[in-house]
Structures are given as structure tokens and as C-alpha cells.
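# this one's structure only:
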């Protein structure tokens, strides 16, 4: 992946976070996904012990890394075929930040990869499907083969 589409950048690429726009990137437009997103964001923004917010500079550095490291390079991508450890690759089926096809590609290149694509979800699939995701991670850690 090499950068994000303009609508994703517009939604999450501003110094001030707009929860409504974050919903558009992290959740699909289905009522079930939106409801899960609103609940997850409610939990995140009302916790008593909040994490220190990331700075604009940190977010910019992350995006710079995505665009620099995401430049297509078949020889570098091929290096993942040498990974000998079991790997769990997970994604939402409608993720606009990390397109599902890249998860399929990565899992297809890593010899012992296990792939799970969560339905009706986007970048926030692990919050939307939190119970299923936690169970999948636990199953993977219990038996990575």
C-alpha cells in the first residue's frame, strides 16, 4: 500500500479528530457496524484513565512511514516468504486504509499465515468484532498451526 485515498486522508488526516469522520473510515455504513463504532468510540472517549493522545507530529510520522514503506517493491515484498513463524493476519472486509486484498497478499506469501477477514467491517474490525477477534487471537496463540 502506498498512501491512502483522498477521502480517507480528509477523514483522518486533519490535526483535530472528528469522530463522525473517523466512523466513516473505521466502520461500514451498515446500522450494525455504525452502532458498534459508536459504542467503541463512546468507550474510548469516556474512559477514566485515557491514554496520552497522539500528537499531530506522531500521526504525520506514521503516515510518512506508510507512504515511504508502502512503495511497491516486489523484491522486498518477497522477503516475507522467509518468515518461519506462524502469523495471524486480520482485517475488515471493507477497510479503506489497509485494503483486504493486501491482507490476502500478505497471508498468501507467508508460509504459516492464518488469515481472517471480518464481515461488514472496516479498519475498526477488532473493536466491532471484539469478542470474536479476542477468541481468534486466543485460538491462534493456543495453536498457531
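Noted; the coordinates are in hand. Here the structure is a predicted model, which is why all the values come from computation and not from measurement.
# Relative to residue 144, how far out is the most centrally placed residue in the chain?
Nearest residue to the geometric centre of the chain (Cα atoms, centre = their mean): residue 123, 4.3 Å. Remark: distance between residue 123 and residue 144 (Cβ to Cβ, to the nearest Å) = 25 Å. In this view, the C-beta of every residue, glycine as well, is placed from N, C-alpha and C.
# Surely the residue nearest to the centre of the chain and residue 25 touch.
Yes. Using Cβ atoms under 8 Å, residue 123 is in contact with residue 25, at 5.6 Å.
# that older thread, distance of the residue nearest to the centre of the chain from residue 42?
18 Å.
# rewinding a little: list the contacts for the residue nearest to the centre of the chain?
Neighbour list for residue 123: 25-26, 92, 95-98 [criterion: Cβ atoms under 8 Å, 6 or more residues apart in numbering].
# try residue 129
Each residue near residue 129 by Cβ under 8 Å, 6+ apart is listed here: 36, 118, 121.
# between the residues you listed, which is nearest residue 75?
Closest approach to residue 75 among those (Cβ to Cβ): residue 118, at 31.3 Å.
# what's around the closest residue to that closest one other than its chain neighbours, how many residues?
Nearest residue to residue 118, sequence neighbours excluded (Cβ to Cβ, 6 or more residues apart in numbering): residue 125, at 4.2 Å. A count of nearby residues for residue 125, using other Cβ atoms under 10 Å, gives 28.
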